[in-house]
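Peer 1: Got a sequence here, can you build the structure:
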Amino acid sequence: MAVAVFGLPLAPWLAVTDELMARAVPGPRTAEAYGWLQTAGQAGLALGAATAGQLSDRAGPATALLLAPVALGSALAFTAARRHTLRGTR
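Peer 2: Residues are numbered from 1 along each chain as shown. Next up, the predicted model:
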């Protein structure tokens, strides 16, 4: 059940990410930007999985489940703080 709840916002997140990428990157460089975005996403997944595994081993699976909202909250705070750097938001 928790996986379904955490997976529910995935489609909107991907749509917003694609739109931001299309607006922020000039046409000829869009493919490279998507490549870097995917690389960063996969690195984040690997780091999150490794961290959750360590948390689960040391403090139990319930603690590891808290990693997702903490990571999402951190990402939201970072994005809100850097919002002014996006083109078209001034």
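Peer 1: what about dumping the CA coordinates of the least confident helix or strand in the chain by mean pLDDT to CSV?
Peer 2: Lowest on mean pLDDT, DSSP states H and E among the helices and strands of the chain sits helix 2-7, with a mean of 78. C-alpha atoms of helix 2-7 as CSV (Å, rounded to 0.1, in the frame of the first residue of the first chain):
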residue,chain,number,x,y,z
ALA,A,2,2.8,2.4,0.9
VAL,A,3,4.4,1.9,-2.5
ALA,A,4,1.1,2.8,-4.3
VAL,A,5,0.7,5.9,-2.2
PHE,A,6,4.3,7.1,-2.8
GLY,A,7,3.9,6.1,-6.5
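Peer 1: Which neighbouring elements make contact with it?
Peer 2: Packing partners of helix 2-7 (3 or more Cβ pairs under 8 Å, 6 or more residues apart in numbering; DSSP states H and E): none among the helices and strands. For every residue, glycine as well, the C-beta is placed using N, CA and C.
Peer 1: in that helix, what's buried?
Peer 2: Judged by neighbour count (16 or more other Cβ atoms under 10 Å), helix 2-7 contains no buried residues.
Peer 1: likewise stretch 49-63?
Peer 2: Buried residues in stretch 49-63, counted by 16+ other Cβ under 10 Å: 52, 55.
Peer 1: Outside of it itself, list whatever touches it.
Peer 2: 64, 66-67 (Cβ atoms under 8 Å, 6 or more residues apart in numbering).
Peer 1: What's the first helix or strand after the helix with the most length in the chain?
Peer 2: Determined from DSSP state H, the single longest helix within the chain is helix 30-59. Next along the chain after helix 30-59, taking DSSP states H and E as the criterion, comes helix 61-65.
Peer 1: coming back round to it: and the contacts of the least confident helix or strand of the chain?
Peer 2: So helix 2-7 is contacted by 65, 68 (Cβ under 8 Å, 6+ apart).
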